[in-house]
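S.K.: based on what follows, work out the 3D shape:
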Amino acid sequence: MRPDVAALALPDGVRARLAAGFDVPDLVVDDFGRPEARKALGRADVLISGWGCPLIDAGVLADAPRVRAVMHAAGSVKQVLAREVWERGITVSSAAPANAGPVADYTVAAIHLAAKRAFRMAGEYRAGRPRDLTVSPATGFLDRTVGIVGASKIGRLVLGRLAGTGVRLLVHDPYLAGAEAAALGGELVGLDALLTASDIVSLHAPLLPGTRQLIDARALALLRDGAILINTARGGLVDTEALAAHCADGRIDAVLDVTDPEPLPPGHVLLGLPNVLVTPHIAGAMGTEVRLLGEFAVAEAERFVAGERLLGEVRAEDLPRIA
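M.R.: Numbers count the residues shown, from 1 in each chain. Okay, here's the model as predicted:
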């Protein structure tokens with residue numbers, strides 16, 4: 001990982017915990033071609049990776065004959081680990097469960113603020129056109145229908161945080177059973193039914209070939225007037241230009257922590273609309289929260305050597321359907 005990432009993910013206390021159970025060199029690697037990196041790889045049984053890690057492929061593994069596990073102190077492993085890692089029987093863990101909490105908290109906060117039309121009203125306030133919507137039925141969280149697209153780790157946390165708060169919860173996920181959806185506090189429905197019935201739609205699906213532009217022009221047209229779309233998952237889930245058209249006339253609002261492309265080019269219409277909030281992919285762990293990812297990775301390393309079940313294990317067969 002990058003040195004600045006290591007400083008946050010593995011601060012002194014976390015490194016001390018790691019050193020209590022492992023022989024840990026004082027080395028942070030972001031280039032496997034460096035002589036000291038190749039030497040360390042030759043001795044390593046476990047690698048802890050994170051943001052800025054170069055691709056671990058067959059060439060890197062040739063220098064790491066002893067490696068038995070990679071603990072990724074971040075979310076998706078797809079850009080970091082090549083197929084050869086699993087083919088060699090190396091155990092892989094991701095700190096995605098630790099990253100899910102901050103994303104879920106961000107999403108729930110966005111849902112509450114968007115339900116109050118906070119972003120639209122703030123824009124009008126800055127422009128000198130403040131409106132009092134206190135008694136408008138278009139505002140407020142209570143009695144709304146919230147649709148969750150994707151019962152991922154994050155989607156499930158969002159459902160849990162919203163259950164019992166006075167909203168109706170719908171959920172769409174092709175891998176979810178009705179009984180399981182009910183246990184999460186939601187009602188399992190098809191995507192079209194969810195889009196048609198929801199006041200607020202929050203996306204938590206992985207970006208896969210089958211989900212790219214899942215929310216396209218046709219899907220957006222199903223949203224009721226005044227609906228709010230929240231995307232903290234992947235920008236490619238949404239047809240950006242179609243969304244811009246639906247937001248530009250004020251028909252729907254959007255909160256976008258991810259976009260396609262990312263970042264949006266300067267001057268893009270979505271960046272200037274008062275009913276759209278665009279943030280630069282900040283919903284996940286950042287700053288002081290990055291320590292959560294390092295702590296998770298270290299705990300996974302401890303579980304691995306103890307022969308215990310890993311909480312964030314990523315198996316080769318999982319790759320086609322996870323982010």
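S.K.: buried ones in the longest helix seen in the chain?
M.R.: Looking across the chain with DSSP state H, the single longest helix is helix 96-115. For helix 96-115, burial by neighbour count (16 or more other C-beta atoms under 10 Å) applies to 96-104, 106-108, 110-111, 113-115. To be clear about C-beta, it is placed using only N, CA and C from the backbone, and glycine gets the same treatment.
S.K.: C-terminal to the host helix or strand of residue 36, which secondary structure element comes first?
M.R.: For residue 36, the host element (DSSP states H and E) is helix 35-43. Using DSSP H and E, the helix or strand that follows helix 35-43 in sequence is strand 46-49.
S.K.: that following strand pairs with which strands, and in what direction?
M.R.: strand 69-72 (parallel) (DSSP bridges).
S.K.: helix, strand or coil: sort out residue 319 for me.
M.R.: Assigned with DSSP: H, G, I helix; E, B strand; the rest coil, residue 319 falls in the helix class.
S.K.: who touches it in this structure?
M.R.: By C-beta atoms under 8 Å, 6 or more residues apart in numbering, the contact set of residue 319 is residue 78.
S.K.: what mean pLDDT does the helix holding residue 36 get?
M.R.: For helix 35-43, the mean per-residue pLDDT is 95.
S.K.: ok, now stretch 170-181?
M.R.: The pLDDT scores in stretch 170-181 average 96.
S.K.: so where's the stretch 151-300 of the chain shaky on pLDDT?
M.R.: The model of the stretch 151-300 of the chain has no residue with pLDDT under 70.
S.K.: where do the helices of it begin and end?
M.R.: 153-162, 178-183, 191-197, 217-222, 240-248, 290-305 (DSSP state H, counting those that start in this stretch).
S.K.: could the ones you listed go into CSV alongside mean neighbour count?
M.R.: Compiled in CSV, those are given as follows (neighbours: other C-beta atoms under 10 Å):
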stretch, mean neighbour count
helix 153-162, 23
helix 178-183, 13
helix 191-197, 18
helix 217-222, 16
helix 240-248, 18
helix 290-305, 22
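S.K.: adding distance to residue 269, write these out as a markdown table.
M.R.: Shown next, in a markdown table, are the helices of the stretch 151-300 of the chain (distance: least, C-beta to C-beta, whole Å):
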| stretch | distance to residue 269 |
| --- | --- |
| helix 153-162 | 28 |
| helix 178-183 | 36 |
| helix 191-197 | 22 |
| helix 217-222 | 15 |
| helix 240-248 | 5 |
| helix 290-305 | 33 |
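S.K.: those helices: which one's closest to residue 206?
M.R.: For residue 206, the closest of the helices of the stretch 151-300 of the chain is helix 153-162, at 10.4 Å, according to C-beta to C-beta.
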